[in-house]
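Student: sequence below, structure please.
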Amino acid sequence: MSIKKNCISIFSIFLTLIVAVMFLASGGCKNAKKSAPAKAALPALPVERPVKYDGKTQWMEWGRAAFETAKKENKLLFVCMSPWGVGYSECDKLLNSNPRELEKSKKRGFIPVFVDIDRRPDVYIAFGAFGFLLCEDSYSPPSYIVDNNSRIVESIYSDETRNGNIYLTMPTQFGYCEGGGCCVMTDSFVCRETNVEPRANFRIKSGADLKGKIGIDEIDTLMNSCVKTTGKDIRNIENPDKATIDYDEQNMYYLWLKKQNQPDENCLFDYTDKIIRKKYDAEWGGVFFARVPASYVKYLEENARAILLNLSNHQSIRNTPADSKEAEKIIKYTLDYLSAPGGGFYGGQAQDLQGADGKALKGKEYYSLNDEQRKKIGMPERDKAIYIDKNSEMVIALLRAADVLGKPNLRKKGLETLDYLLNNGWTPEKGATHYILNGRPNLYGLIDDNVVLLRALIDAYEATGDNKFKNKALLQAELIERRYWDASRGAYKYDINYDPGLKQLLLDYEKSYFKDTNRTYIRRDEKNNMKMAMNLDNLYYITGDESYKKKSETVIKSYINTSRKDLYSSAIFIEAAYRHATYPLHITIIGPKSDKVTAALRHEARKFYEPLKVVETLDPKEDAKRLSQLPYRAKPEPTLYACVETACSMPIKDPKMVERQLRRFDDRFMGNSQFERQF
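Tutor: Alright, predicted model coming up:
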């Protein structure tokens, strides 16, 4: 009996095991939680090799400790600034030279202080207020002799084209850039002009007359003057290696060509092609740093801008496959080489490296090698800081690329990066930090990071129609208003967390810039104010809130209605003013946000090329209040409406018809004088 029971027991266990195996093989319980898919591993990269610092100088970082040491020892500070990718080497070279001008300060003794201008742009901008100018074809780091109260004693300029001599320079109230010519004071205080490729930051003589109402005619004058003063022939550029990858400049040129009724946009796009090709790494992809000649540093933001330029070329009337391929190569480089394992993108990749044999290898020599040769040596190290402003630019580029190239995975990557920035580098009280390193935020209080992050949030809303991004953008705009607005000047402040040294430096700056009947110098952060003005205009068109439009107007007028008789006018200022003085192509898609046709219409609208364009998606139920403010009505099927102020296209329901009908409508109404206004 016991044997029979044992047999039955063994058989039961055996049967249970068979059933269990079959059950598991069939997929188990339908309601069982599936394991999360493993994240795609980053590609195997060559060994990362930094350049070992072998200089004798013990550099201190800018900060309280350096100033306290200087006071304690009654010494000056030798402040030298350089990008991360260049490092200490150029500062070492400058400090250890022995010209008579520098020797005077050495007798008193000073403490070497190094400023990484990527991680401390606030220090660089503060000193930049004194107008230190970089000229010639060689790189010289901005350097100053500063006393322990943060007052500038001398400025140092290295002119390598003059046998490596060092010259003292004076702030730019004694020498300034006129029409792109760089004017530097030598030791004999003789102003010499040099021919450098200008960067669309030019002196416009008509500035004093631009008071009261501003209209398109005045902006046209500025635009014509800026194009003329650049000296750039976009049809026959001679030195593309000295030109910059500037997305705002391209937009300004495009608007100028369209305003001139020149069906010659191809020349513009050929021009930008030449710039990018000259700085492109054909072996691994990615573009090199444009603003320093002969530089082989690859910065994240430079690559993001190159992606946008290539996408604009592809979107344009040319619509050539070559541009999309170039954009894809640059995107692949950033995804492969600069993606951080925990999220976001690294800041960039250095130009030089130290090989396994211990010998330093210059970027020019290294990047001339092929892929196989490079891998045997290793690769230059990467800046592991995750910068909010640079990453935000990359988010914008990826979201655009997703629509233009038809690659939804890029939208996913862009949105994941945006979430990472918000979760790790942003708080509702402080706003955006400047960079994240080892999971920790560093340096809150710079407007750059907050303004570009706002632009990325607006783009995320336009790309997805998801109101969570619009709501976050409105929250971010309110934070910028609360923390950075300076009502006394009608503009946004650059920095709200000056350390003691910078406070004194800027106080001296305000006192030192002289006033006469010709000029009054006022330090202003034009770039970020103009970016913010464009953000505010976009918020107006996707919310209907007039306060955004009025604030944008205030910001633009505060720059154009200046007491200076000579107005510095840049491409980004002209772009912002032009956007405000004319109505955009306002595209509204109405339909359930879960509907595939709604998404397809939005995708085609985003793909269509028009620099002055705003895309809004409204769900009849979710966005009923916003829809009631507009002259459209929801239809049974998703529908696209395109308007320029009061002129509207026929409703578009077929995604395949979007490009053709928008092109016809855009050519007829965009740039039409009846839709331009004064403000």
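
Student: for whichever strand or helix holds residue 478, packing partners?
Tutor: Using DSSP states H and E, residue 478 sits in helix 467-484. Where contact means 3 or more CB pairs under 8 Å, 6 or more residues apart in numbering; DSSP states H and E, helix 467-484 is packed against strand 431-437, helix 447-464, helix 526-543. Just so you know, the C-beta spots here come from the backbone N, C-alpha and C atoms, and that holds for glycine as well.

Student: average model confidence for the last one?
Tutor: Per-residue pLDDT values over helix 526-543 give a mean of 94.

Student: ditto for stretch 649-658
Tutor: 95.

Student: what's near enough to touch residue 413?
Tutor: Applying CB atoms under 8 Å, 6 or more residues apart in numbering to residue 413 gives the contacts 335, 398.

Student: element containing it, please.
Tutor: helix 408-425.

Student: helix or strand right after that helix?
Tutor: Following helix 408-425 in sequence, per DSSP H and E, is strand 426-427.

Student: re earlier: buried set for the helix holding residue 413?
Tutor: 410, 411, 413, 414, 415, 417, 418, 420, 421, 422, 424, 425 (16 or more other CB atoms under 10 Å).

Student: can I get that helix in PDB? Just the C-alpha atoms.
Tutor: The C-alpha atoms that make up helix 408-425 are tabulated as PDB, following Å, rounded to 0.1, in the frame of the first residue of the first chain:
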ATOM      1  CA  PRO A 408      10.300  58.800 -34.100                       C
ATOM      2  CA  ASN A 409      13.100  57.300 -32.000                       C
ATOM      3  CA  LEU A 410      14.800  60.600 -32.100                       C
ATOM      4  CA  ARG A 411      11.700  62.300 -30.600                       C
ATOM      5  CA  LYS A 412      11.800  59.700 -27.900                       C
ATOM      6  CA  LYS A 413      15.500  60.400 -27.200                       C
ATOM      7  CA  GLY A 414      14.800  64.200 -27.100                       C
ATOM      8  CA  LEU A 415      12.000  63.900 -24.700                       C
ATOM      9  CA  GLU A 416      14.000  61.500 -22.500                       C
ATOM     10  CA  THR A 417      16.800  64.000 -22.400                       C
ATOM     11  CA  LEU A 418      14.300  66.800 -21.500                       C
ATOM     12  CA  ASP A 419      12.900  64.700 -18.700                       C
ATOM     13  CA  TYR A 420      16.400  64.100 -17.400                       C
ATOM     14  CA  LEU A 421      17.200  67.800 -17.300                       C
ATOM     15  CA  LEU A 422      14.000  68.600 -15.500                       C
ATOM     16  CA  ASN A 423      14.400  65.800 -12.900                       C
ATOM     17  CA  ASN A 424      18.100  66.400 -12.200                       C
ATOM     18  CA  GLY A 425      18.900  70.000 -13.000                       C
END
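
Student: tell me what angle that helix forms with helix 467-484.
Tutor: Helix 408-425 and helix 467-484 are oriented at 40 degrees to each other (axes from the mean of the first three to the mean of the last three CA atoms, to 10 degrees).

Student: just list the residues touching the residue positioned nearest the centre of the chain, thanks.
Tutor: The chain has residue 393 as the residue nearest its centroid, 4.7 Å off, counting by CA atoms, centre = their mean. Applying CB under 8 Å, 6+ apart to residue 393 gives the contacts 300, 301, 304, 305, 452, 456.

Student: could those residues go into JSON lines alongside pLDDT, distance to residue 329 and neighbour count?
Tutor: Converted to JSON lines, the contacts of residue 393 look like this (pLDDT from 0 to 100; distance: CB to CB, whole Å; neighbours: other CB atoms under 10 Å):
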{"residue": "300", "pLDDT": "96", "distance to residue 329": "16", "neighbour count": "26"}
{"residue": "301", "pLDDT": "93", "distance to residue 329": "17", "neighbour count": "21"}
{"residue": "304", "pLDDT": "95", "distance to residue 329": "14", "neighbour count": "27"}
{"residue": "305", "pLDDT": "90", "distance to residue 329": "15", "neighbour count": "25"}
{"residue": "452", "pLDDT": "97", "distance to residue 329": "24", "neighbour count": "25"}
{"residue": "456", "pLDDT": "98", "distance to residue 329": "23", "neighbour count": "29"}
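
Student: let me know the closest of those residues to residue 143.
Tutor: Residue 143 lies nearest to residue 301 out of these, by CB to CB, at 24.5 Å.

Student: wasn't the closest one part of a strand?
Tutor: No - assigned with DSSP: H, G, I helix; E, B strand; the rest coil, residue 301 falls outside any strand and is helix.

Student: give me the residues contacting stretch 542-551.
Tutor: 458, 461-462, 470, 474, 477, 481, 536-537, 539-540, 614, 616, 626, 629-630.

Student: tell me the span between the first and last residue of it.
Tutor: Length of stretch 542-551, first residue to last, CA to CA, to the nearest Å: 15 Å.

Student: sorry, back to before: can you tell me the SS state at the residue nearest to the centre of the chain?
Tutor: Per three-state DSSP, residue 393 ends up helix.

Student: how much space separates it from residue 538?
Tutor: 16 Å (CB to CB, to the nearest Å).

Student: again, but for residue 496
Tutor: Residue 496 is 24 Å from residue 538, by CB to CB.

Student: pick out whichever of the two has more residues nearby.
Tutor: Neighbour count, other CB atoms under 10 Å: between residue 496 and residue 538, residue 538 has more, with 25 against 15.

Student: next one: the more buried one from residue 531, what distance?
Tutor: Distance, residue 538 to residue 531, using CB to CB: 11 Å.

Student: now swap in residue 343 and tell me
Tutor: Relative to residue 531, and taking CB to CB, residue 343 is found at 25 Å.

Student: so the two - more neighbours on which side?
Tutor: Using other CB under 10 Å, the more surrounded residue of residue 343 and residue 531 is residue 531, with 22 against 17.

Student: next one: the more buried one from residue 275, what distance?
Tutor: Counting by CB to CB - residue 531 and residue 275 are separated by 21 Å.

Student: what about the closest residue to residue 285 other than its chain neighbours, which SS state?
Tutor: Excluding the flanking residues, the one nearest residue 285 by CB to CB, 6 or more residues apart in numbering is residue 333, at 3.3 Å. Under three-state DSSP, residue 333 falls in the helix class.

Student: burial count for residue 333?
Tutor: If we define neighbours as other CB under 10 Å, then residue 333 has 20 of them.

Student: that one and residue 284 touch, don't they?
Tutor: Yes - using CB atoms under 8 Å, residue 333 is in contact with residue 284, at 5.9 Å.

Student: identify the residue spatially nearest to residue 662, adjacent ones excluded.
Tutor: residue 608 (5.0 Å).

Student: whoops, I mixed them up, residue 467
Tutor: Closest to residue 467 by CB to CB, 6+ apart is residue 622, at 6.9 Å.

Student: got a pLDDT number for the one you found?
Tutor: 94.

Student: do the same with residue 586
Tutor: pLDDT, residue 586: 96.

Student: same check, this time on residue 12
Tutor: The predicted local confidence for residue 12 is 53.

Student: next one: residue 143
Tutor: 79.

Student: list the beta-bridge partners for it.
Tutor: residue 80, residue 156 (DSSP bridges).

Student: so it touches residue 81, yeah?
Tutor: Yes - between residue 143 and residue 81 there is a contact under CB under 8 Å: 7.1 Å.

Student: between those two, which has more neighbouring residues?
Tutor: For residue 143 versus residue 81, neighbours defined as other CB under 10 Å are more numerous around residue 143 (27 against 23).

Student: for residue 345, see how far away the residue nearest to residue 285 is.
Tutor: 11 Å.

Student: residue 323 too?
Tutor: For residue 323, the distance to residue 345 - CB to CB - is 22 Å.

Student: with that, I have no additional questions.
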